[in-house]
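Student: structure for this input, please:
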Amino acid sequence: MTRMVHAIIFDMDGVLIDSQPMHYLGDQQTLAAHGVDVPVEAMTAYAGTTNQLRFELFKERYHLSETIDSLIAEREAIMIRLVRESDAGPTAGSVELLKSIKAAGLKTAVASSSSYPFIHAVLEKLGIVAYFDLIFSGEEVKNGKPAPDVFLETCEKLKETPGT
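Tutor: This next block holds a predicted model:
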């Protein structure tokens, strides 16, 4: 049976932008602001974790007195600064792909574990925010990645049935 595609959902980090090194640096700079010197290379062990979990682990491991919420807010400001100051561009072929998808009349969305302010900063930096009908943050779902919740909720918001 042939299935009609009506919408395409993009993850952001690693798909539209190679931002993982920026995420490592954001964690490192946040910790450094509290007297904790951790090499960027040590941050790779935390790749793919949510900010909440990562900063719970950092707070316990490095005996930080600040609240997790305040640490995450600090990191957010650092990340937005890093992306705005970076020379990052869209991943190879992504702009052309977005243009062809929009020309075909399909709906598009970004579904990212990142926060809304960071998603918007990235999409604006890349000059591609106008290509998306919907932007959705995984901060609004109960289960973060690798659970599919962020993508399933995005399908629901687009009024589309998930497919392969």
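Student: so how far is residue 62 from residue 37?
Tutor: 10 Å (Cβ to Cβ, to the nearest Å). Where you see a C-beta, it was placed from the backbone N, CA and C, and this is true even at glycine.
Student: scratch that, residue 90 is what I was asking about
Tutor: Counting by Cβ to Cβ, the gap from residue 90 to residue 62 is 35 Å.
Student: any weak-confidence spans in this structure?
Tutor: 1-3, 164 (pLDDT under 70).
Student: which stretches of it form helices?
Tutor: Using DSSP state H, the helices of the chain run over 20-32, 51-62, 68-85, 94-103, 116-126, 149-158.
Student: turn those into JSON lines, columns for mean neighbour count and distance to residue 11.
Tutor: What follows is those, written out as JSON lines (neighbours: other Cβ atoms under 10 Å; distance: least, Cβ to Cβ, whole Å):
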{"stretch": "helix 20-32", "mean neighbour count": "19", "distance to residue 11": "12"}
{"stretch": "helix 51-62", "mean neighbour count": "16", "distance to residue 11": "16"}
{"stretch": "helix 68-85", "mean neighbour count": "17", "distance to residue 11": "16"}
{"stretch": "helix 94-103", "mean neighbour count": "14", "distance to residue 11": "11"}
{"stretch": "helix 116-126", "mean neighbour count": "19", "distance to residue 11": "11"}
{"stretch": "helix 149-158", "mean neighbour count": "18", "distance to residue 11": "8"}
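Student: out of those helices, which gets nearest to residue 134?
Tutor: Among those, the nearest to residue 134 by Cβ to Cβ is helix 149-158 (5.8 Å).
Student: contacts for that closest one?
Tutor: For helix 149-158, the external contacting residues (Cβ atoms under 8 Å, 6 or more residues apart in numbering) are 7, 9, 107, 109, 111-113, 133-134, 136-138, 140-144, 161-162.
Student: among these, which ones are in strands?
Tutor: Among these, DSSP state E puts 7, 9, 107, 109, 111-112, 134, 136-137 in strands.
Student: hmm, which of those residues are the buried ones?
Tutor: 7, 9, 107, 109, 111-112, 136-137 (16 or more other Cβ atoms under 10 Å).
Student: now find how far off-centre stretch 46-61 is within its chain.
Tutor: The chain centroid and the centroid of stretch 46-61 are separated by 15 Å, computed with Cα atoms, centre = their mean, to the nearest Å.
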